[in-house]
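1. Give me coordinates for this.
(one chain, ligands or ions: 1)
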Amino acid sequence: MGDRLNLIQQEALASIEQAKDSNVLEEIRIKYLGKKGELTQFLRGMGKLPPSERPIMGQLVNKTRRSIESALTRKNEAIERESLIKRLKDETIDVTLPGEKPQLGGLHPLTKVLNKITDIFFGMGFNVAEGPEVELDYYNFEALNIPKNHPARDTQDTFYINENVLLRTHTSPAQIRVMEQQQPPIKIIVPGRVYRSDAVDATHSPIFYQIEGLVIDKNITMGDLKGVLDIFIKRMFGERTRTRFRPHHFPFTEPSAEMDANCTACEGRGCRICSNTGWIEILGAGMVHPKVLEYGNIDPNDYTGFAFGMGLDRITNLVYGIDDIRLLYENDIRFLRQF
Ligand code: DAH
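-> From the prediction side, this is the model:
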């Protein structure tokens, strides 16, 4: 019996020595030391021995078990050590290699200036609304009190899709759409793309951007209009910027005005940018015409309001000193990278 025990031990130790991973080791452990393992079977067989031989045999079996167990432990540790060394080698990173620089995009100057304008109006409690670019004649003209024979309705100026549908020529139609949806108080700006059938040159583009403003509530006055726009200009171009209002005419406001800011390039002394006047026209504005309120289902006896509309392209060019609107739309990456 001692011989058989010896044989089992040698066999076990040899296969442990050859094992390549911990799964194989576990199989070996089960084969020899498991419940149905060879050594366990052997212990069971000891019942047949004469009682005097049992203690000696028991000691031998235990010794064999211990030697197999410690061989398993040692081999296990060796395998773990090796795999750690291998992993460390595989995962080595050369931190001295130069990194790959990803090409980062940037915001278009129009977007940057729009974000700034939006922030300023957010700060004064305005919300942003939007309207469709393909618009009904009704919203673009009719409901804004622009009569049928008005020059703006000429096909020379407007892209018509059919008799009733056109590409909006300004963001003002959103005024009516918002009034239809919402009762006062209304306090919104509407940024968006507008279209006019203009030939392209340094100051004209068939597509450009406007930002509309509309405030309607009880007791809104021209003073509110001036206050809001003055704060806007100062936050946009600097605290020292002054504004002035000139009388003007728009069909959808009464009274109407145009607002100038003093030229930020020459601070009002007069230069090429302001055509030596010291002033730059920034926007159109006025008190919402009572007829327009009625088109929007708002009672002009209860409510008054003001509106304004400005060209985003124009303001962007002023902010960055760009003198040609085409640069904003050609998207030459060498130009855009400068912002
Ligand atoms: N819609 C006008 C335009 O395209 C701009 C404008 C002027 C908008 C006065 C207004 C306003 O809301 O009150 O030229």
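2. Spell out which parts of the stretch 51-200 of the chain neighbour the ligand.
-> 170, 172 (C-beta under 6 Å from any ligand atom). (Glycine included, C-beta is placed from N, CA and C.)
3. tell me the helices in the stretch 51-200 of the chain, going along the chain?
-> 54-90, 109-123, 137-140, 173-181 (DSSP state H, counting those that start in this stretch).
4. shaky segments in the stretch 51-200 of the chain?
-> 152, 155-156 (pLDDT under 70).
5. just to revisit the earlier point, and of the helices of the stretch 51-200 of the chain, who's closest to Met287?
-> Smallest distance to Met287 across those (C-beta to C-beta): 12.7 Å, for helix 173-181.
6. re the thing from before, would you list the helices of the stretch 51-200 of the chain in CSV and tack on mean neighbour count?
-> Shown next, in CSV, are these (neighbours: other C-beta atoms under 10 Å):
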stretch, mean neighbour count
helix 54-90, 13
helix 109-123, 16
helix 137-140, 20
helix 173-181, 22
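7. Could I get the full set of helices for the stretch 201-339 of the chain?
-> 222-237, 290-295, 312-320, 327-330, 333-336.
8. Could I get the CA-only coordinates of the third one as CSV?
-> What follows is helix 312-320 as a C-alpha-only set of coordinates in CSV (Å, rounded to 0.1, in the frame of the first residue of the first chain):
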residue,chain,number,x,y,z
LEU,A,312,-27.0,89.5,-36.5
ASP,A,313,-24.5,89.7,-39.4
ARG,A,314,-24.2,93.4,-39.1
ILE,A,315,-23.5,93.2,-35.3
THR,A,316,-21.1,90.3,-35.8
ASN,A,317,-19.1,92.4,-38.3
LEU,A,318,-19.0,95.3,-35.9
VAL,A,319,-17.9,93.1,-33.0
TYR,A,320,-15.0,91.6,-35.0
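9. the inter-axis angle of it versus helix 222-237?
-> 50 degrees (axes from the mean of the first three to the mean of the last three C-alpha atoms, to 10 degrees).
10. list the helices and strands helix 312-320 packs on?
-> Judged by 3 or more C-beta pairs under 8 Å, 6 or more residues apart in numbering; DSSP states H and E, helix 312-320 is in contact with helix 109-123, strand 207-217, helix 222-237, strand 279-288, helix 327-330.
11. That one and the ligand in contact?
-> No. If you take C-beta under 6 Å from any ligand atom as the test, helix 312-320 misses the ligand, and the best it gets is 11.1 Å.
12. ok, now how distant is Gly238 from Glu267?
-> Applying C-beta to C-beta, to the nearest Å, the value for Gly238 to Glu267 is 10 Å.
13. brain fart, Asp119
-> Asp119 is 24 Å from Glu267, by C-beta to C-beta.
14. same deal with Phe232?
-> 19 Å.
15. Those two: who's more crowded?
-> Of the pair Phe232 and Glu267, Phe232 is the one with more neighbours under other C-beta atoms under 10 Å, namely 25 against 14.
16. who touches the nearest residue to that one once chain neighbours are set aside in this structure?
-> Among residues not flanking Phe232 along the chain, Ile120 sits closest, at 5.6 Å (C-beta to C-beta, 6 or more residues apart in numbering). Taking C-beta atoms under 8 Å, 6 or more residues apart in numbering, we find Ile120 in contact with 231-232, 235-236.
17. Of those, select the buried ones using a ChimeraX command.
-> Applying 16 or more other C-beta atoms under 10 Å to these leaves a buried subset, and the ChimeraX line that selects it is:
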select :232,235,236
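18. His170 against Gly311, yeah?
-> No. Assessed by C-beta atoms under 8 Å, His170 is found out of contact with Gly311, at 9.8 Å.
19. what sits in contact with each of these two?
-> Counting by C-beta under 8 Å, 6+ apart, the residues touching both His170 and Gly311 are Gln210.
20. Show me which of those two is the more surrounded one.
-> Using other C-beta under 10 Å as the criterion, His170 and Gly311 rank with His170 on top: 23 against 20.
21. residues near the nearest residue to the more buried one once chain neighbours are set aside, how many?
-> Once flanking residues are discounted, His170 sits nearest to Val194: 5.4 Å by C-beta to C-beta, 6+ apart. Neighbourhood size, Val194 [other C-beta under 10 Å]: 23.
22. So which residue is dead centre in this structure?
-> Leu107 (11.1 Å; C-alpha atoms, centre = their mean).
23. What distance do you get for that residue to the ligand?
-> The gap separating Leu107 from the ligand is 25 Å, by C-beta to the nearest ligand atom, to the nearest Å.
24. Surely that residue is in contact with Val113?
-> No. Using C-beta under 8 Å, Leu107 is not in contact with Val113; the gap is 9.6 Å.
25. Domain ranges for the protein, per the record?
-> 2-90, 109-336 (automatic domain parsing).
26. end to end, how far does the last one reach?
-> For domain 109-336, the first and last residues are 7 Å from each other (C-alpha to C-alpha, to the nearest Å).
27. and the residue nearest to the centre of the chain, what does it touch?
-> 115, 339.
28. Make 26 the first number, not 1, from now on.
-> Got it, the first residue is 26 from now on, which makes the last one we talked about Leu132.
29. ok, now how distant is it from Ile201?
-> Taken as C-beta to C-beta, the span from Leu132 to Ile201 is 31 Å.
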